[in-house]
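> return a 3D structure for these sequence lines:
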Amino acid sequence: MQLEPTRTSSVFLLCEGAACSLWSHNFAEHLPTEMSVKIFEELDAESLCSASSTCRLWHHIIQDSKQLWRRQCHLLRDVCHREVDSDRRDGLPWKVVLVRNYTLGCLKRDWLSGRYSNVTSADQLRHSKMVPLDAETWGEILEAELDR
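Purely as a prediction, here's the structure:
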């Protein structure tokens, strides 16, 4: 009696024996760098930094990809447009711009979303990371608070 192959069995057959062990270790060893970069583009900034410490190959691909850091900066620019634009005008590389502005961007996003709207004591901020904010940023935050 011969069994008809199903979708599941075909997928399973793709990952049997040598082929499975070949792909299960490190996809970046077997794909062109451009494809690995496309995969890494799906990660957020924190996950990208974690992935960078996985192995030397991933570290090399991630650290050397201007495309990955540029994409993260464009996402950050939604919140910190003045800071990102200023750093880029100063000629700083995408990765440096992201590192300089990432914490500020997270904090600013939290303020603008209203996360700190109902804080009644400093104890509620104890586990939050704070950074200095300029007058223009405080103006944006105040405007957002008044609109709520």
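> Thr54: neighbour count?
12 (other Cβ atoms under 10 Å). C-betas here are computed from N, CA, C, even on glycine.
> begin at 752 from here
In the new numbering, first residue 752, that becomes Thr805.
> what about the helices in the protein?
According to DSSP state H, the chain carries its helices in the segments 758-765, 768-776, 784-791, 796-803, 807-815, 817-828, 832-840, 845-864, 886-898.
> out of these, which comes closest to Ser879?
For the helices of the chain, proximity to Ser879 was assessed by Cβ to Cβ; helix 845-864 is nearest, at 7.6 Å.
> run the angle between that closest one and helix 832-840 for me.
170 degrees (axes from the mean of the first three to the mean of the last three Cα atoms, to 10 degrees).
> quick one: helix 845-864 to chain centroid distance?
11 Å (Cα atoms, centre = their mean, to the nearest Å).
> what lies in contact with that helix?
When contacts are defined by Cβ atoms under 8 Å, 6 or more residues apart in numbering, helix 845-864 is touched by residues 796, 814, 817, 820-821, 823-824, 827, 830-831, 834-835, 838-839, 843, 867, 879-882, 884, 888, 891-892, 895.
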